[in-house]
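J.: sequence plus predicted model, see below.
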Amino acid sequence: MLSTDGVAEEPSDWTTDDGPEVFGNLAAVIGTQDTVLLGRRTHDYWAGYWPTSDVQPFPDVVNQTPQHVFTSTAPELRWDRSTFVTGSAAGHVARLKEGAGGDVGVHGSTTLARSLLGAGLVDELRLVVAASLAGSGRTLFDVGPDGARRPVRHLHLPDARSTPAGTLLLHYAC
C-alpha cells in the first residue's frame, strides 16, 4: 500500500478506502502466496495484531502461512510459523525462489522490499495506491543506500483498476 506521493509507512494514517474492491484485491494477491517475507519491525507489529484479528481476508491467510522474518535483533513477540533469518535476505530469497510452490509475498517491510528490488529478485509488484498524499514517511521507491539513484527499470502493466474512491490497484511485471 502506497500513498499517491509514494509513502509506504503506516497506511492507517492516510488511507480511507476500505471498500470491497480493495479487500477483494488483497484476497486475490495473498491467496496465491504460500510464503510471506517480513522485516522484524513488521513482524512484531503483525504478531501483536493478526493472530486475534477478524478483519478478513488477512488473518485466515497470514496466520496459516510460513513467514520468513529478516532480522539482526531478537523479535519482541513470537508468532506461529515464523522463521527468523539473520543472513543475507537476497541469498535466502533466491533459494526460496528456486523451490516449488506458490508466490512469495512481501508485505510492509519497505527496507526488505527495497533490498529485494535492488537485488533483482522481485518478479511483480502488486501496488494499492491510495488517493491521498501522506506528506512524509518512508517510501518504497527510494534512492540507494549510498544516496545514488537506482538504475532505470521498465515495467509491464498487465492489470490496472480503480475503485470508486479513487484507489488504484496496480499489477506490474518486473
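T.: Received it, and whenever you're ready, just let me know what you need. Model, not experiment: these values are computed from the prediction. Numbers count the residues shown, from 1 in each chain.
J.: where do the strands sit along the chain?
T.: Ranges of strands in the chain, per DSSP state E, are 2-3, 33-39, 67-70, 82-85, 103-106, 124-130, 156-162, 168-173.
J.: how about the ones you listed in TSV, adding mean neighbour count?
T.: For glycine as for every other residue, the C-beta is placed from the backbone atoms N, C-alpha and C. What follows is these, written out as TSV (neighbours: other C-beta atoms under 10 Å):
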stretch	mean neighbour count
strand 2-3	23
strand 33-39	21
strand 67-70	23
strand 82-85	14
strand 103-106	21
strand 124-130	18
strand 156-162	11
strand 168-173	17
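J.: which among these is found nearest to Ser115?
T.: strand 67-70 (8.6 Å; C-beta to C-beta).
J.: neighbouring strands - and their directions - for that closest one?
T.: According to DSSP bridges, strand 67-70 forms sheet pairs with strand 33-39 (parallel), strand 82-85 (parallel).
J.: what does the last one contact?
T.: Which is strand 82-85. For strand 82-85, the surrounding residues in contact (C-beta atoms under 8 Å, 6 or more residues apart in numbering) are His43, Ala47, Pro66, Gln67, His68, Val69, Phe70, Thr71, Pro75, His92.
J.: can you pull up the most central residue in the chain?
T.: The structure's the chain has its C-alpha centroid closest to His107; by C-alpha atoms, centre = their mean the separation is 2.2 Å.
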